[in-house]
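>>> build the 3D model from these lines:
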Amino acid sequence: MKRFLILMLTLLSGYTLMAQGLTGTVLKKGKPKKGVVVWLKKADKSATTDKEGRFSFESTGANDTLQIAVSAKYDALVAVGNSREVTVSLNDKDYSVKNVGDVDVERTLPYVQVTAKSSGGVNHELIMRSGFRSVSEVLKNCVAGIVVSEGMTGSSIRVRGINSINSSNEPLFVVDGIAMQGTDIDAIVPVETVESIEVLKDGGGYGVRGANGVIVITTIKGVTE
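Take a look at the predicted model:
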């Protein structure tokens, strides 16, 4: 019985070390920075800092990395390690990280340039670091040539520059090779599952169905299949 209790305590202790909560603060030139997107990269989770620059994750692992969207081109990367709290100070050309790992130290690091756009659209990395909560938000803010209007029944999406020859202005959505039209894309495709989005203004070979443009969405599941 004693051996069993020791084994259970050891297992529980190990699990606690592998998955613990993490809180942090993002500062910009010494002041709390609100609205910064912090992405827990390997877990595909994101959080946005509050007015005090604070963010939190319920569960992190020692091998996780925080990716902080500093600008459209640059990120700050922070290795989680065994840290339960971290302070990231953003400067013009670099950033400093305090209390990461087993030792309370402060390090100054250069920003990392990211390539988040794919040909004609956006990829998973840009989608996650943007912090947007739906596919329509990503289309509106990250994909050129898309117009998203909010209405009583949800989001209306159309491709700019196309004069419809159909009764509807809605583009054709192709999700993992399956064509669909007249659908609420946000209800069908969770934004965190999207690997890439591409817009085809020429119809993409879908004939009349693609006359209003084609929005091709590939999910993470679609890539692995």
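
>>> any stretches of the chain with poor pLDDT?
1-19, 42-43, 72, 100-104, 115-120, 151-154, 161-168, 222-225 (pLDDT under 70).

>>> go ahead and name everything in contact with the lengthiest strand in it.
Ranked by residue count and defined by DSSP state E, the top strand of the chain is strand 20-28. Under the contact criterion C-beta atoms under 8 Å, 6 or more residues apart in numbering, strand 20-28 has outside partners 32-33, 36, 38, 49, 52-60, 66, 68, 80, 83-90. All C-beta atoms are positioned from the backbone trio N, CA, C, and that covers glycine.

>>> all helices for the chain, in order.
2-18, 124-130, 135-142, 185-188, 220-224 (DSSP state H).

>>> I'd like to know which elements the fourth one is packed against.
What it means is helix 185-188. With contacts taken as 3 or more C-beta pairs under 8 Å, 6 or more residues apart in numbering; DSSP states H and E, helix 185-188 sits against helix 135-142, strand 154-159, strand 172-175.

>>> give me that answer again for 7 Å
Here helix 185-188 touches helix 135-142, going by 3 or more C-beta pairs under 7 Å, 6 or more residues apart in numbering; DSSP states H and E.

>>> for the helix it packs on, buried residues please.
Neighbour counts using 16 or more other C-beta atoms under 10 Å place 135-140, 142 of helix 135-142 among the buried residues.

>>> can you put the residues you listed in a markdown table and add distance to Leu126?
Listed next are those as a markdown table, based on distance: C-beta to C-beta, whole Å:
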| residue | distance to Leu126 |
| --- | --- |
| Val135 | 13 |
| Ser136 | 16 |
| Glu137 | 12 |
| Val138 | 8 |
| Leu139 | 12 |
| Lys140 | 14 |
| Cys142 | 6 |
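
>>> out of the residues you listed, who's nearest Arg129?
Comparing those against Arg129 with C-beta to C-beta places Cys142 closest, at 10.3 Å.

>>> can you list the domain ranges for this protein.
According to automatic domain parsing, the chain is divided into the following domains: 2-113, 117-224.

>>> the closest residue to Gly203 other than its chain neighbours: neighbour count?
The shortest distance from Gly203 to any non-neighbouring residue, by C-beta to C-beta, 6 or more residues apart in numbering, is to Gly210 (3.4 Å). By other C-beta atoms under 10 Å, 21 other residues sit near Gly210.

>>> ok, Gly210 - contacts?
Applying C-beta atoms under 7 Å, 6 or more residues apart in numbering to Gly210 gives the contacts 172, 203-204.
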